[in-house]
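> here are the coordinates; sequence isn't available:
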């Protein structure tokens, strides 16, 4: 399946609609595109069964709810926070056991205000992973039930995984 | 010639030996000093004094036998039950005698360890608990006869039966220990030991009644409370055969009484660190450990006296040896179950006690009543 | 208690586990020996791949320091030694107190001089006693006994000092593997051998009149080592890199026509420049560190 | 008795490692539970950023020391995904054989700790003795007993020792015989069943929602095994069935792990017999391209995921590690509330805690 070009994805989809319908990855991409046309920017099929999609910060909660309920992605595998030079990236790996699919949902936040809506209400498993991202990287998850440090002592001042933290060598 | 006679004779001979030197010394000294010496000599050789010393010697002998057996139990447990774990067991200490000295080495180590009392512990309770625990166990020893002639008796006539209701007294002493565990758990001011103590109290409620019911059935058949009569009554048939159900219940309750593995609740390593003995160290802990094996020995002795016909055996061995062999067999059986079963939960032990053991004990009592009325015993 | 799930045979209450432990007592007591090894008296037999104390073969080791570079815990260091037969050499020592026994140093060694033995009793009373210097690790005969997993090939190796760039070897090579590459403003060319295609037929060694080529055992390396890149304009010809290179893969060649005229009219010596024989390079980065004029860059090597 | 908080941890015989379970107890029944982790946090994700791609392998060994091989293999998978390295088939077969041996060794260590927690010292000794067989095999392959440092980016460190196939098959048949004996010791004993049946119930919906993965999830009836559903390396070529169990209590978790040991024996047999000849290692590139790599592996404790970000240099820019136990522990209160204090041991033991990977 040729990877989608950088051109505007909407018209690209209409042309090859019928043939591609049975491929599960494409169905996920098309469904995501229909519901979040503005928010979903770069998406492509990485390898067999893995789909990547970028989404705006404010749509995360809606997208996750949509993905879990309609698309049948029951399992939130991992929430990771990566600090780049100009932005923070929060990557959600969401798996669907029934369709054997993995969705890599990426949101980016500006460097000075790393905060995202919490998805712990959708998946219980996200609770501790979000606390860990807050603890180590300093990402604030709004309306999280108990956002406090989990691995480091409660009164620790720094977020060690930040690039500017020069603790050890 | 029972044990008392032997001790009496021994002490008498000893006193005479000392006295003839003592009296000659008395004559040689000035008068007012000499009278004192003769008075002491007369008192020493009086019947009362020798009898008291004889009883002390008897008790000493019984305790020494018990302690040696306890060491043997510990060694047997670690060496041959250890083979259940597919390893050697004690090997280097006392190499030629199969590692028997390992227990002495452990004892010595515990002797030299410092005895610490936790800061906020309740001093009196913390001190009294081991005293009660060890004391009550040793007291129970005095009432158990090892043979027809081998018991703690007060007079030399061969037909005497030692302490009258010896079985009742033995069980009374035997049942004091759980209280000392409760005191120990409460006084060492530690959450885990508190729970350990509570559990021992809960556990006692569940197995005490079935155990005494089975013992009652034995009293019923033997018609008396003394060990001597019980064992004599088992001359032709051991009570364990007609009352087999009672034997099984008794052994299970024994395991619970002595806190051996399936019913190891008060001293559960996994949840309560070390149970009620957590805060004890040094020789206090040594006493607790030694006494738990001593209670295993007493349990084995009780089981043999009540159900397995005491010292009745084919006869080519002296009475106490038969008694000890049977006690060892009962102990090995309990240890075998101990190492191959996991621990039971507290509420489960209550269920077992009330729903399984109690009906069996009552059934066993009915069997005893049936046998009694049918006149076979 | 809902015991509805009657597993096969758990109805026998405690019979089956006691039978199991009973059988074990019988088998351990009468049949076989119990399972324990009485350690100080019976010796544990360890497989040859066991990663224990290191040994170093002084003759094979060229002191390149690759092992010091790759060690995750930085527990190796290079020591300057004065050896009776090998002269002034640099050999690595290992601090067993920090060592991870991960085996990277053994894998990265280009001449397979460092090995793990089966000895694991390394306990000691003082921490500095755990620092084993090169002399403690020395064991020249160990490396030959070990069946080395990395494939060994006999390949021709060029010694630029003797080479007069007469191009006879390029002609003699059946697979046309040797290419004569001109060396910038030295006016001579240098044979470059593509070792991966060379079959080791030794024709070029025979053909070379000055014996500049020589067959050597080259071990296949699993790690992609950084390559030195030479910037001619910064090079002042000081020769520090040639002296520093453990595998002597760098030769100082005169550049004709760069002689400076001295005051009294005589010609001074011509300037020199470094020439790299990249087949011999083991990627240790010592030339990069030795060069004060940034004439050599290597990616990813710490200064 | 009034309710009181009990600290079961950080040093506690039940915890097998440094974590603290604060339990609010009313008498003996548990009213509320609060797991606290972070006592063994070594900052592995920060440590990784200072080392080259190869030097990270011994660190990932120390993530979960109970099954260190699966973690270093997961890291190598992620790095190969990032760098696009093609691993020779012989290396893949060696890796799968080693992983399945590591799975059996890890499950045996779990069974040992679990039996010792319930009071059955015999179980501890038998399982540790049988684990030695596989530890010796792995020691002969890789060179060390616990932290193997055996996988490399692009293959494995050493080839398998001579007559490895004979030893592996012998170990598998020995293990299957021993597993039947464990059935006597565990399934056959009524006391073990009393401690396990209907204890620590985890319903299917809770398990899926709370992110529980691995044996505890399959014990709740969800037929999800990463080796079967999202196969990596050469698992598609091996045929096996993931072990599941309908109801989610401690007995189900025990049963799932025992069945998994059977399947692992089968897998080792297939992998060892189908192992092709040829190269077992490829030279790995020194620098990784700019981009991200993803690896998902079925760890004996659950689903391990690694997300690696490369920035063109020879050191990783960011490595995120998803530890199965970190998420399963967050679901612990759901399993604990309502049971007795003595059940905490059985329930927490059933999750096969490994604190190294939880705290990273």
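Nice, thanks for sending it over. Note that the structure is a prediction, hence the values are computed from the model and not measured.

> count of residues packed around the residue of chain A found nearest chain B?
Using CB to the nearest CB, the closest approach of chain A to chain B is made by residue A:154 at 23.5 Å. Placement of C-beta: from N, CA and C, glycine included. Using other CB atoms under 10 Å in any protein chain shown, the number of residues around residue A:154 comes to 9.

> Let's verify the spatially closest residue to it that is not a sequence neighbour: helix, strand, or coil?
Closest residue to residue A:154 apart from its sequence neighbours, by CB to CB, 6 or more residues apart in numbering or on different chains: residue A:148 at 6.6 Å. At residue A:148 the chain is in coil, as set by DSSP: H, G, I helix; E, B strand; the rest coil.

> what about residue A:148, how many residues close to it?
Number of residues near residue A:148 (other CB under 10 Å) recorded here: 9.

> That one: what's it in contact with?
Residues near residue A:148 by CB atoms under 8 Å, 6 or more residues apart in numbering or on different chains: A:131, A:134, A:154.

> try residue D:280
So residue D:280 contacts D:88, D:90, D:91, D:94, D:155, D:156, D:159 (CB under 8 Å, 6+ apart).

> Now, the contacts of residue A:148 that are in helices?
Within the contacts of residue A:148, residues falling in helices by DSSP state H are A:131, A:134.

> Please identify the one among the contacts of residue A:148 that lies nearest to residue C:20.
residue A:131 (45.6 Å; CB to CB).

> Find the nearest non-adjacent residue to that closest one, please.
residue A:150 is the one closest to residue A:131 (CB to CB, 6+ apart), at 4.3 Å.

> repeat for residue A:61
residue A:117 (4.3 Å).

> does that neighbour really touch residue A:139, like I thought?
No - using CB atoms under 8 Å as the test, residue A:117 is too far from residue A:139 to be in contact (11.4 Å).

> Please identify which of the two sits among more neighbours.
More crowded of residue A:117 and residue A:139, by other CB under 10 Å: residue A:139, with 21 against 17.

> which residues touch that one?
With CB under 8 Å, 6+ apart, residue A:139 has these contacts: A:81, A:88, A:90, A:109, A:114, A:115, A:116, A:130, A:133.

> So which of those residues belong to helices?
A:130, A:133.

> Let me know the closest of the contacts of residue A:139 to chain C.
Chain C lies nearest to residue A:81 out of these, by CB to the nearest CB, at 25.9 Å.

> hey, where'd the strands end up in chain A?
Using DSSP state E, the strands of chain A run over residues A:43-47, A:50-54, A:75-83, A:87-96, A:101-110, A:115-117, A:140-142.

> which residues pair with residue D:29 across the strands?
residue D:26, residue D:340 (DSSP bridges).

> hang on, isn't it packed against residue D:336?
No - with contact defined as CB under 8 Å, residue D:29 does not reach residue D:336; the gap is 10.3 Å.

> Any part of stretch D:248-259 near chain A?
No - shown here: stretch D:248-259 not in contact with chain A (CB under 8 Å from any CB of the partner chain), separated by at least 15.2 Å.

> Quick check: mean pLDDT of that stretch?
What stretch D:248-259 shows for mean pLDDT is 92.

> Stretch D:48-59 now?
Stretch D:48-59 shows a mean pLDDT of 91.

> From one end of it to the other, what's the distance?
This stretch, stretch D:48-59, spans 8 Å end to end (CA to CA, to the nearest Å).

> before we move on, what about stretch B:94-111?
End-to-end for stretch B:94-111, by CA to CA: 19 Å.

> chain center to that stretch: distance?
22 Å (CA atoms, centre = their mean, to the nearest Å).

> Pull out the buried residues from that stretch.
For stretch B:94-111, a neighbour-count test (16 or more other CB atoms under 10 Å in any protein chain shown) marks B:94, B:99, B:100, B:101, B:102, B:103, B:106, B:110 as buried.

> before we move on, back to that, who touches the residue nearest to residue A:61 in this structure?
Applying CB under 8 Å, 6+ apart, we find residue A:117 in contact with A:58, A:60, A:61, A:141, A:142, A:143.

> Residues of the stretch 201-350 of chain D that sit close to chain C?
Residues of the stretch 201-350 of chain D lying near chain C (CB under 8 Å from any CB): D:251, D:281, D:283, D:284, D:285, D:286, D:287, D:313, D:314.

> out of the residues you listed, which are buried?
D:251, D:281, D:283, D:284, D:285, D:286, D:287, D:314.

> for the second one, phi and psi?
According to degrees, to the nearest 10, the main-chain angles of residue D:281 amount to phi -160, psi 140.

> Leaving out the residues flanking it, which one is nearest to it?
Nearest to residue D:281 is residue D:155, by CB to CB, 6+ apart, at 3.4 Å.

> Bridge partners for that neighbour, pull those for me.
Per DSSP bridges, the residues bridged to residue D:155 are residue D:152, residue D:281.

> That one: how many residues sit nearby?
24.

> domains in chain C, as residue ranges please.
Using automatic domain parsing, the domain ranges for chain C come out as C:54-143, C:150-221, C:223-303.

> Tell me which helix or strand the closest residue to chain A within the stretch 151-300 of chain C sits in.
Residue of the stretch 151-300 of chain C nearest chain A, by CB to the nearest CB: residue C:300 (16.3 Å). Using DSSP states H and E, residue C:300 sits in no helix or strand.

> Surely it is in contact with residue D:54?
No - using CB under 8 Å, residue C:300 is not in contact with residue D:54, being 11.8 Å away.

> The two - which one has more neighbours?
residue D:54 (23 against 12).

> Quick check: the more buried one vs residue D:315, distance?
Separation of residue D:54 from residue D:315 (CB to CB, to the nearest Å): 11 Å.

> ok, now residue B:114?
Where residue D:315 is concerned, residue B:114 sits at a distance of 53 Å (CB to CB).

> Compare these two and say which is more crowded by neighbours.
residue D:315 (17 against 7).
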